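A.B. asks: let's see this in three dimensions:
(chains A and B)
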Amino acid sequence: MAEHPPILLENLGVSFDLRRSKKRVRRSMVGQVQRLDENGKFWAVRNISLRVESGESLAVIGANGAGKSTLLKVLAGIISPDEGKIEVRGRIATLLQLAAGFNDELNAEENILLVGEFLGIPSSQMRGKIQGILDFADIGDFADSPVSTYSSGMRARLGFAVATSVEPDVLLLDEVLSTGDAAFREKSRARIVELMDKAHAIVYVTHDLESAAKFCTKAIEIEEGVIVAAGPAQRVIDAYLKKMEKKK
Amino acid sequence: MNAHPSELTVGRPRRGALGSIADSLTALVKRRRLIWYLANSSLRSKGSSSLFGNAWLIIDPALQLAIYYILVGVILRRPEPAFPLFLFAAILPWRWFTQAISSSTESVRRMGKVMQQIVFPQIVLPVASIGASFGSFVLGFIPLMALYLIYPERITVWILALPAVMFVQLLWTIPLAITLSALNVFYGDIGNLVKHFLRLAFYLSPALFSYDKLLKAAENYPLVVQILHVNPLAWVLIAYRDLLYYGRAPDWFGLVVVGTLSIPFTLLSIYIFNRLSPGFAKVL
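C.D. replies: Predicted coordinates:
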């Protein structure tokens, strides 16, 4: 098992060609000249080496724009790295953003199947999950109506229920999900904890240091695209807090 | 906890050109249901929020026929016998081609948000667009059948050979759709250019006029004649007209050659798509 950890990164780097990126991306990179290389490429993350063993959970902390989300996207396979090596093994679930892939014209059930197809889950398996997803999302009589008629809360609830209906080997989380009312938040948190228990490896990107310390065994701190601290979660977080205090 | 699976999900070594093309072809077969869902929902969304709903899929081609009928038939006074049928036999497949190309060109770009969050074989997107436009093409046969009520003598058994001609058209639509969908991610200008190019191609193809008349008109422009000869779509449109209007056998040999020639282009287009697709999520 030690030979093939669920997640293994070696000197991984992701660069963006700023001329081709959208303005939104470019704006967030202003003032970070040190991350540009001689070719004018912007390195969102670079020289990232890490290993998440089976049973471990890794918190990724750091300021906005440090490269946390890019790292998560590489792990999910959405972006391919420009240098270095990446290996992720097993079924991946991402809770990056919810209701991705929904089509407004389709009803809840059809959308569940559609997202299942996007994720590559056999439809026979997905069909068995429909009732559970509908119950969890609690959308009641709207199940037969097109998603375009849903409130944003209902959409998000359905999105969450679909995204968490699959039991992943590797779970990638971005921020704690603040979906819906207090009751649903409670329910969704319980669901995430349940998934975390079952997953073999977790990467959790967050600003919520308290929950990071609570849920994660290890942590890394990213600053301007590189790892500046790594170790047991509590230790890295404590050091980070101290550093933040000094900055104030 | 079960033992962790050792199969790589992310970070599989890159395969060579042929391997990646083979991967894409298997992905298309495996994800046929996704293609079906995407095509289906985009077809359905066309009718939403309108009074006539999905009936527009039938009204639309009928209106287009009416416009060209007035334009070419009445104003330019060039009617062939049974002119509406003459026109429709070519306009209908041409519509399929235009819709397929223009919607697939935008297909990847439109899904940018989903691609930021879910990993899936993106090549399904242009193919699903072709599927959706095929759906509306098939519905266009309803007004065509209505025309046969006016010209019942024109309907023959040759109509049964339609799927073969459709297949040849499909073979040429696929490589164009795949290539344009990938290029358009990086150069949005392509989407704008395609519209005009399609319009030009329409007038340079035997859709409004018979092929012979077109050749005659272009007599003094050898370049145009050349284009007319090598345009695979011209072959296809002529074949449609043979089946639907003249009620005779199409040039089977020509169709087989034209269809076979599409294969290298299809492989090339998949190769181009695969080379470009790793960059999609970064620019969208």
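
A.B. asks: now the helices for chain A?
C.D. replies: Chain-ordered helices for chain A, with DSSP state H as the definition, fall at A:23-28, A:68-76, A:108-119, A:123-137, A:152-163, A:182-198, A:209-215, A:233-247.

A.B. asks: nearest spatial neighbour of A:Val52, chain-adjacent residues omitted?
C.D. replies: Distance criterion CB to CB, 6 or more residues apart in numbering or on different chains; nearest residue to A:Val52, sequence neighbours excluded, is A:Ile7 at 3.9 Å. Backbone N, C-alpha and C define where each C-beta goes, glycine included.

A.B. asks: isn't the one you found up against A:Gly90?
C.D. replies: No - the criterion here is CB atoms under 8 Å, and A:Ile7 misses it with A:Gly90 at 9.6 Å.

A.B. asks: common neighbours of those two, please.
C.D. replies: A:170, A:201 (CB atoms under 8 Å, 6 or more residues apart in numbering or on different chains).

A.B. asks: who's more crowded, those two?
C.D. replies: Of the pair A:Ile7 and A:Gly90, A:Ile7 is the one with more neighbours under other CB atoms under 10 Å in any protein chain shown, namely 26 against 21.

A.B. asks: quick one: mean pLDDT for stretch A:241-248?
C.D. replies: For stretch A:241-248, mean pLDDT is 87.

A.B. asks: which residues sit against that stretch?
C.D. replies: Residues contacting stretch A:241-248 (CB under 8 Å, 6+ apart): A:Leu209.

A.B. asks: one more: stretch A:196-211?
C.D. replies: Applying CB under 8 Å, 6+ apart, the set of residues contacting stretch A:196-211 from outside is A:5-7, A:52-61, A:68-69, A:71-72, A:75, A:90, A:93, A:167-176, A:212, A:215-216, A:237, A:240-241, B:1, B:4.

A.B. asks: narrow the residues you listed to those in strands?
C.D. replies: A:7, A:52, A:56-61, A:93, A:170-174 (DSSP state E).

A.B. asks: next, format those as JSON lines and append pLDDT and distance to B:Leu255.
C.D. replies: Shown next, in JSON lines, are the ones in strands among the contacts of stretch A:196-211 (pLDDT from 0 to 100; distance: CB to CB, whole Å):
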{"residue": "A:Ile7", "pLDDT": "94", "distance to B:Leu255": "53"}
{"residue": "A:Val52", "pLDDT": "93", "distance to B:Leu255": "56"}
{"residue": "A:Glu56", "pLDDT": "92", "distance to B:Leu255": "61"}
{"residue": "A:Ser57", "pLDDT": "92", "distance to B:Leu255": "60"}
{"residue": "A:Leu58", "pLDDT": "95", "distance to B:Leu255": "59"}
{"residue": "A:Ala59", "pLDDT": "94", "distance to B:Leu255": "62"}
{"residue": "A:Val60", "pLDDT": "94", "distance to B:Leu255": "58"}
{"residue": "A:Ile61", "pLDDT": "93", "distance to B:Leu255": "63"}
{"residue": "A:Ala93", "pLDDT": "84", "distance to B:Leu255": "48"}
{"residue": "A:Val170", "pLDDT": "92", "distance to B:Leu255": "50"}
{"residue": "A:Leu171", "pLDDT": "90", "distance to B:Leu255": "53"}
{"residue": "A:Leu172", "pLDDT": "90", "distance to B:Leu255": "50"}
{"residue": "A:Leu173", "pLDDT": "86", "distance to B:Leu255": "55"}
{"residue": "A:Asp174", "pLDDT": "82", "distance to B:Leu255": "52"}
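
A.B. asks: for the stretch 151-284 of chain B, which residue gets nearest to chain A?
C.D. replies: B:Pro278 (4.5 Å; CB to the nearest CB).

A.B. asks: skipping its backbone neighbours, what lies nearest that residue in space?
C.D. replies: A:Ser80 (4.5 Å).

A.B. asks: can you give me phi and psi for that neighbour?
C.D. replies: For A:Ser80, the backbone dihedrals (degrees, to the nearest 10) come out as phi -100, psi 150.

A.B. asks: and it, how many neighbours?
C.D. replies: Count around A:Ser80 with other CB under 10 Å applied: 17.

A.B. asks: isn't it right up against A:Val74?
C.D. replies: Yes - counting by CB under 8 Å, A:Ser80 does reach A:Val74; the two are 7.4 Å apart.

A.B. asks: where does the prediction get shaky in the stretch 101-250 of chain B?
C.D. replies: Scanning the stretch 101-250 of chain B for pLDDT under 70 picks out no residues.

A.B. asks: what does it put close to chain A?
C.D. replies: B:113-120, B:186 (CB under 8 Å from any CB of the partner chain).

A.B. asks: mind doing that once more with 6 Å?
C.D. replies: Proximity of the stretch 101-250 of chain B to chain A (CB under 6 Å from any CB of the partner chain) is limited to residues B:114, B:117-120.

A.B. asks: got the domain ranges for chain A?
C.D. replies: A:7-90+A:203-247, A:95-199 (automatic domain parsing).

A.B. asks: for chain A, what helix or strand is lowest in average pLDDT?
C.D. replies: helix A:23-28 (a mean of 58; mean pLDDT, DSSP states H and E).

A.B. asks: rewinding a little: mind putting the residues of the stretch 101-250 of chain B next to chain A in a markdown table, secondary structure and neighbour count included?
C.D. replies: Below are these laid out as a markdown table (DSSP: H, G, I helix; E, B strand; the rest coil; neighbours: other CB atoms under 10 Å in any protein chain shown):
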| residue | secondary structure | neighbour count |
| --- | --- | --- |
| B:Val114 | helix | 19 |
| B:Gln117 | coil | 21 |
| B:Ile118 | coil | 21 |
| B:Val119 | coil | 19 |
| B:Phe120 | coil | 18 |
